[in-house]
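Novice: Attaching a predicted model along with its sequence, questions to come.
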Amino acid sequence: MFRKKGPLILCGTFLLITWNAILLFLLWGRPTPAQQDKAVQDQVDVAVKPSPDVMGDVLDMADSIAAELEMQKKILLQIKSHKSLWKPSNKSKPKAVVPTQPVIPILVIACNRVTVRRCLDKLLEYRPSEELHPIIVSQDCGHAETAEVIRSYGEQVTHLQQPDLSDVAVKPQHKKFQGYYKISRHYHWALNQVFRTLSHSSVVIVEDDLEVAPDFFEYFRASLPLLKSDPSLWCVSAWNDNGRDAYVDPGQAQLLYRTDFFPGLGWMLLKELWEELEPKWPASFWDDWMREPEQRRNRACIRPEISRTLTFGRQGVSLGQFYDKYLRYIKLNTEFVPFTKLDLSYLKEDSVQNSL
């Protein structure tokens, strides 16, 4: 039994001794921890010890970084100095309330009358809403005193100044009508500002020598739907050319008419009409031109029994010839009529035809 197992025991003993010898050899050649730390430190010292060229590159890079930081500092200071000019973000700024009702701006045509204050005072006194009825004053003539009056109203009105103050080239026989040419040019420019630059869809035009009635705004708000819906209408006017005291019924302040005549003197038109008229706008006498059949095209205007505007401008391009004879006698309505609560369907073309 022993003889059979003897070779196995000797073989196992030999393998054990050989394995232990190998381990002893490996452990004997391994450096101590202290030796390892010293070797690592020597490598680090060699790695970080810069050559003269490397040191120069590092210093140059440091200078560049310092210069860049200084530049960034200056930029930040400039941004901080302009911080007061920044617009507030949409997150902190309340959203603008878009009017659900139509906006009807008032365009005041001004020139060199400081009495435009009387016109503006009445408009502001009777205006029911700044959002629904922005007041735009378009000034021609470059008159400094009038401009100062307009600017005194601050943000209550928008002040536009017609840039072309030069004389209009006219025929020699029309030299005395230079003022009428400038007025027509001014209207053309101002209406383009309202409809194209400011993108309004309608406007009421008032000249700087007109005073308005208490229900001036109410009248135009009520008549706007008619003007939009009835293609047989092309304007709404606040003026009655035959509105003298003796010719009107003072008890019929609510009465309105359709007229084939263009009254003017406080009138409303739509953007669509301006797009039709603008390409052929006349060089002068624009109101007479509006009364021609080619422009009217069988369309009517709405006008009141009692005027909602009154002119107080005796001095102008007409030199007062019409004011003293006619305009000064026109009656201005003083009674507020709630037009927006009245049924104005009788002014539609269909209703008029059926009543004939």
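Specialist: Structure received.
Novice: End to end on stretch 233-241, go ahead and measure it.
Specialist: Across stretch 233-241, the terminal residues are separated by 18 Å (CA to CA, to the nearest Å).
Novice: Strands of the stretch 101-250 of the chain, start to end?
Specialist: In the stretch 101-250 of the chain, the segments counted as strands under DSSP state E, counting those that start in this stretch are 106-110, 135-139, 158-161, 202-207, 210-212, 233-237.
Novice: Export only the CA atoms of the longest one, formatted as PDB.
Specialist: The C-alpha trace of strand 202-207 is given here as PDB (Å, rounded to 0.1, in the frame of the first residue of the first chain):
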ATOM      1  CA  SER A 202     -60.300 103.200 -40.300                       C
ATOM      2  CA  VAL A 203     -59.700 106.800 -39.400                       C
ATOM      3  CA  VAL A 204     -61.700 110.000 -38.600                       C
ATOM      4  CA  ILE A 205     -60.000 113.100 -40.100                       C
ATOM      5  CA  VAL A 206     -60.400 116.300 -38.200                       C
ATOM      6  CA  GLU A 207     -58.700 119.600 -39.100                       C
END
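Novice: who's in contact with it?
Specialist: The contact list for strand 202-207 (CB atoms under 8 Å, 6 or more residues apart in numbering) reads 102, 104-109, 119, 123, 187, 191, 194-195, 212, 220, 224, 227, 238, 265-271, 309, 311, 313. Heads up, the C-betas are built off the backbone N, CA and C, glycines and all.
Novice: Selecting buried members of these in ChimeraX, what would you type?
Specialist: A single ChimeraX command selects the buried members of the contacts of strand 202-207 (16 or more other CB atoms under 10 Å):
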select :104,105,106,107,108,109,119,123,187,191,194,195,212,220,224,227,238,265,266,267,268,269,270,271,309,311,313
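Novice: one step back: could the strands of the stretch 101-250 of the chain go into a markdown table alongside distance to Asp249 and mean pLDDT?
Specialist: Output for the strands of the stretch 101-250 of the chain, formatted as a markdown table (distance: least, CB to CB, whole Å; pLDDT from 0 to 100):
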| stretch | distance to Asp249 | mean pLDDT |
| --- | --- | --- |
| strand 106-110 | 28 | 99 |
| strand 135-139 | 32 | 99 |
| strand 158-161 | 38 | 99 |
| strand 202-207 | 25 | 98 |
| strand 210-212 | 21 | 98 |
| strand 233-237 | 18 | 99 |
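Novice: Glu305 against Asp249, yeah?
Specialist: Yes - Glu305 is within contact range of Asp249, at 6.2 Å (criterion: CB atoms under 8 Å).
Novice: of the two, who's got more company?
Specialist: For the pair Glu305 and Asp249, the greater number of neighbours falls to Glu305 (20 against 9), based on other CB atoms under 10 Å.
Novice: That one and Pro214, how far apart?
Specialist: Using CB to CB, to the nearest Å, Glu305 is found at 16 Å from Pro214.
Novice: pretty sure Leu310 contacts Leu332?
Specialist: Yes - with contact defined as CB under 8 Å, Leu310 and Leu332 form a contacting pair (3.9 Å).
Novice: if you count what's nearby, which of those two comes out ahead?
Specialist: Neighbour count, other CB under 10 Å: between Leu310 and Leu332, Leu310 has more, with 22 against 19.
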